[in-house]
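**Student:** Kindly return the folded structure for what I paste below:
(2 chains)
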Amino acid sequence: AQSVTQPDIHITVSEGASLELRCNYSYGATPYLFWYVQSPGQGLQLLLKYFSGDTLVQGIKGFEAEFKRSQSSFNLRKPSVHWSDAAEYFCALNTGGGNKLTFGTGTQLKVEL
Amino acid sequence: GAVVSQHPSWVICKSGTSVKIECRSLDFQATTMFWYRQFPKQSLMLMATSNEGSKATYEQGVEKDKFLINHASLTLSTLTVTSAHPEDSSFYICSARGGTSGSSYNEQFFGPGTRLTVL
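**Tutor:** I've put the predicted structure just below:
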């Protein structure tokens, strides 16, 4: 069965610093991968997705993620974090065929001013 | 495009009453809708999957008689929490997907969520 691991439960960065949120997955083939952001009391907003093709994916709000098959990873990055980026971030996987999403446990990002 | 709405955004009810939550796809036809439950500071837990015109498929451990799901049209699914109790208090999020193949079939669009508090 597929799974998604987000090793970091909490991450704190200073505003303006770079950010990398880790996501590892377990699946035998190439999955569809997603990063979502959730602000308190809100639904999920899609930051970016990887289906195929270029392994470096650009998303909204200045985020990018790189799919690395050899490492089964899909880490999210941002070169300079803004205070408004403080939120919960979820990595998710879909095995295709219209199957359901498998979510990671999430990473809570705190931004220090 | 691909906007999903939920109503109400929050609801408070007394124990023993039933509460209905609506999930609508505003600009696309949702062949499938999903209902999730999220506890504070936790990830989303899939409760059930509903296809338009069919009975919902519930995940293991989810009481189908407790959480009634109806997907009567391609733009509307409802979740009814019957005889609600305080332990049903949670954040409920729906998502929808359209199409039957291709990239849109493998992407879900999420609603803003409904906060249910049962007193």
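
**Student:** what about the helix or strand residue B:31 falls within, average pLDDT?
**Tutor:** Here residue B:31, judged by DSSP states H and E, is contained in strand B:30-38. On average, the pLDDT along strand B:30-38 is 92.

**Student:** same deal with stretch B:85-104?
**Tutor:** Mean pLDDT, stretch B:85-104: 84.

**Student:** Kindly report the same for stretch B:69-80.
**Tutor:** 93.

**Student:** so does that stretch get close to chain A?
**Tutor:** No. Applying Cβ under 8 Å from any Cβ of the partner chain, one finds stretch B:69-80 separated from chain A by no less than 14.5 Å. Every residue, glycine included, has its C-beta placed from N, CA and C.

**Student:** Give me the contacts around that stretch.
**Tutor:** Residues outside stretch B:69-80 that contact it (Cβ atoms under 8 Å, 6 or more residues apart in numbering or on different chains): B:18-26, B:29-31, B:33, B:35, B:47-48, B:50-54, B:56, B:67-68, B:92, B:94, B:96.

**Student:** Quickly list what residue A:20 is bridged to.
**Tutor:** residue A:77 (DSSP bridges).

**Student:** Restrict the contacts of stretch B:69-80 to the buried ones and give me that as a PyMOL selection.
**Tutor:** Written as a PyMOL command, the selection of buried residues from the contacts of stretch B:69-80, which uses 16 or more other Cβ atoms under 10 Å in any protein chain shown, is:
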select buried, chain B and resi 19+21+22+23+24+25+30+31+33+35+47+48+50+52+56+67+68+92+94+96
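
**Student:** Residue A:38 and residue A:92 touch, don't they?
**Tutor:** No. Using Cβ atoms under 8 Å, residue A:38 is not in contact with residue A:92; the gap is 11.5 Å.

**Student:** which of those two has more neighbours?
**Tutor:** A direct count of neighbours by other Cβ atoms under 10 Å in any protein chain shown for residue A:38 and residue A:92 places residue A:92 higher, at 25 against 22.

**Student:** before we move on, the earlier item: which residues sit against the strand holding residue B:31?
**Tutor:** The contact list for strand B:30-38 (Cβ under 8 Å, 6+ apart) reads A:98, A:100-101, B:4, B:23, B:25, B:44-52, B:67, B:69, B:71, B:74-75, B:77, B:79, B:90-100, B:108, B:113.
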